[in-house]
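Undergrad: kindly return the folded structure for what I paste below:
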Amino acid sequence: MTVGGRTPSPADLAAGCPEAEAFLRRTWSTPPGLLAALSTVDHKIIGRRYIATAFVFLILGGVLALAMRLQLAFPEARFISADRYNQIFTVHGTNMMFLFAVPVMEAMAVYLVPLMVGTRNIAFPRLNAFSYWIYLAGGLLLWISLALDTAPDVGWFSYVPLAGPQYGAGKRADLWAQMITFTEVSALAVAVEIVVTVFKLRAPGMSLDRIPVFVWSMLVTAFLVILAMPAIMFASSSLILDRLVGTQFYNPAEGGDVLLWQHLFWFFGHPEVYIIFLPAVGIVSAMISTFTRRPVFGYMPLVLAMIATGILSFGLWVHHMFVAGLPRLGSSFFTASSMAIAIPAGTQIFCWLATLWDGRPVFKTPLLFIIGFLITFVIGGLTGVMVASVPLDTQVHDTYFVVAHFHYVLIGGSVFPLIGAIYYWFPKMTGRIMSERLGRWAFGLIFTGFHLTFFPMHILGLQGMPRRVYTYPPELPWAGLNLFVSLSAFILAAGFLVFFIDALRSFRHGRPAGPNPWNASTLEWAVASPPPPYNFRHIPVVESREPLWTSGETLPVATGLRIDRRELIVSSVTSGEPEARESSPADSIWPFLAAIATSIMLIGSIFSPWAVVWGAVPVAITLTGWFWPKQTPEDES
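TA: Residues are numbered from 1 along each chain as shown. Predicted coordinates for the structure are as follows:
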């Protein structure tokens, strides 16, 4: 394709030449075919795959939850055996935490952050592709093990010594430990990509105080992932070494310590709650601003509250260990830390309520889920302050009170905003709008079903019902509430069913959306729905925090990027001023092959440590192919 017998130039694109725009599209497009699909590095395609895969895991995890509720609906039920229940309980928790909650939030960032900061692709796009395939392999490992009746059965927390070599016979605990490696490698890769994208690939003029709140939330989340997840990787690696090689990290008889596992796990586990929650802060801020038709109140307090939450989250892990026999003085410190983190959370809620109060809310389905989030998360936060008290936690620890609190925080703090986000950004991802009528039905069923399911669990906990049990005797007063909870769980499931039906129907037959159906203010709404392969025809220049509200439909733009190869603008960290042009890697099959080689090595190591030695050879070969210098500059990046 030429213009006047020559290759189109950036000047031709700036002049509105259709041949130049077609050439730009071809440069950034993923060709048709299976090989191209496996080779793509387009952040939008990978982001959609991440989101779809995570929701498949949500459905599977929900099915397991219903199976557990059927077992607990009646005393001394025999719907599921004790061994199978332990597998289902472990896979449900592991799936929801490691295969859904964290990955789906990072998936939203993979899709949205490059669009929101005004660039054409994410940083390290081949690493992004590799991270998805590793994530998928880890999920398949867990679910295939359940299908083969060899799934982990030691809880999603895999406490030692139960998971250690003395008591955890077979390969079940090994499968859990290695699955953690898959998911954490994937999460760490995405976190690095997000940090570099936000700091170095922002549009000209997007200084730090003009970054959208959602992007800030994902940046803080990425740092939490980088700082917290090495702890669980070290813990799981130490566990599998104890089991397969004969080390003694967790064996007190040989100088190890079983409490070391709890310290390592919860040093990761409590920041993980905020790894799940902080993206919701950005989602809520973006949607409240859009549907109140005003900038979010307290931009700077919101950002500082997110940073404070991230810092404080690393001082809370003993919150989960108050009955582990630790010194009381230390417990007092962690009680204070657990209560202190309510301050930035309260700041965020105040800013959102002030925005709603001062604006003119339009109560579309996305905003309904945000209102549901506010109600649910406040209840979960109040019970969180309660269990931060050592005397109360001592009484309700390991009861259904903690189960109720946990689900109020995680579902209220992440799933409600996430579903609202799907309704909100679905038009951008697909070009079609989901049904308002079905959306209201989904919200009503999910909100009602959730509270009817989990609020009574507080009462069950106060009545003394322990968690992690698969049955209970009929003479105890738990049968009535358990039956009620189990029936309510099907109302919750019906709400999710309506949501998924709506999403599938709208994907094919929804009303066309247009570029900006919500009249939102951030850059992702400045391009077509769905976005073209290159995201932005010209990189926008940002002059305010709400560029589409202040500049209208015509944004100032920066020109000069080549259209015959993939190029990005590299900007300064603080001011967002352009500093250089950088080539973006082209599509490649090597990340997919590297993920296969890495997966074979990690799975093989479950059965023999020598798999790491021999498996390193194909991993090295695929990485060599990945980074082998090419003549094309974008292939050398």
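Undergrad: which residues of the stretch 1-150 of the chain fall in helices?
TA: Here the stretch 1-150 of the chain has its helices, by DSSP state H, counting those that start in this stretch, at 10-14, 18-28, 34-39, 43-72, 82-94, 102-117, 125-147.
Undergrad: now what about the shortest one, what contacts it?
TA: Outside of helix 10-14, the residues that reach it under the criterion C-beta atoms under 8 Å, 6 or more residues apart in numbering are 3, 19-21, 24, 537-538, 559-563. All C-beta spots, glycine's among them, are computed from the backbone N, C-alpha and C.
Undergrad: select the helix or strand of this structure having the lowest average pLDDT value.
TA: helix 10-14 (a mean of 75; mean pLDDT, DSSP states H and E).
Undergrad: pull the distance from that helix to the chain's centre.
TA: 38 Å (C-alpha atoms, centre = their mean, to the nearest Å).
Undergrad: low-confidence ranges, the stretch 351-500 of the chain, go.
TA: Within the stretch 351-500 of the chain, not a single segment meets pLDDT under 70.
Undergrad: looking at this, Asp564 is in a strand?
TA: No - Asp564 is assigned coil when assessed by DSSP: H, G, I helix; E, B strand; the rest coil, not a strand.
Undergrad: when you give positions from now on, start the count at 170
TA: That works, and once the first residue is 170, the last one we named lands at Asp733.
Undergrad: how about it, what does it touch?
TA: Asp733 makes contact with 176-177, 192, 196, according to C-beta under 8 Å, 6+ apart.
Undergrad: re earlier: from the contacts of helix 179-183, which would you call buried?
TA: 172, 189-190, 193, 706-707, 730-732 (16 or more other C-beta atoms under 10 Å).
Undergrad: tell me the contacts of the residue lying closest to Gly608 once chain neighbours are set aside?
TA: For Gly608, ignoring the flanking residues on the chain, the nearest one in space by C-beta to C-beta, 6 or more residues apart in numbering is Thr534 at 3.2 Å. Going by C-beta under 8 Å, 6+ apart, Thr534 touches 589, 592, 603, 605, 608-609, 611-612.
Undergrad: okay, these in JSON lines with neighbour count and secondary structure next?
TA: JSON lines is the format used below for the contacts of Thr534 (neighbours: other C-beta atoms under 10 Å; DSSP: H, G, I helix; E, B strand; the rest coil):
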{"residue": "Gly589", "neighbour count": "28", "secondary structure": "helix"}
{"residue": "Tyr592", "neighbour count": "26", "secondary structure": "helix"}
{"residue": "Met603", "neighbour count": "24", "secondary structure": "coil"}
{"residue": "Glu605", "neighbour count": "14", "secondary structure": "helix"}
{"residue": "Gly608", "neighbour count": "25", "secondary structure": "helix"}
{"residue": "Arg609", "neighbour count": "15", "secondary structure": "helix"}
{"residue": "Ala611", "neighbour count": "27", "secondary structure": "helix"}
{"residue": "Phe612", "neighbour count": "24", "secondary structure": "helix"}
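Undergrad: for my notes, confirm Ser777 occurs in a strand.
TA: No - per three-state DSSP, Ser777 lies outside any strand segment and is coil.
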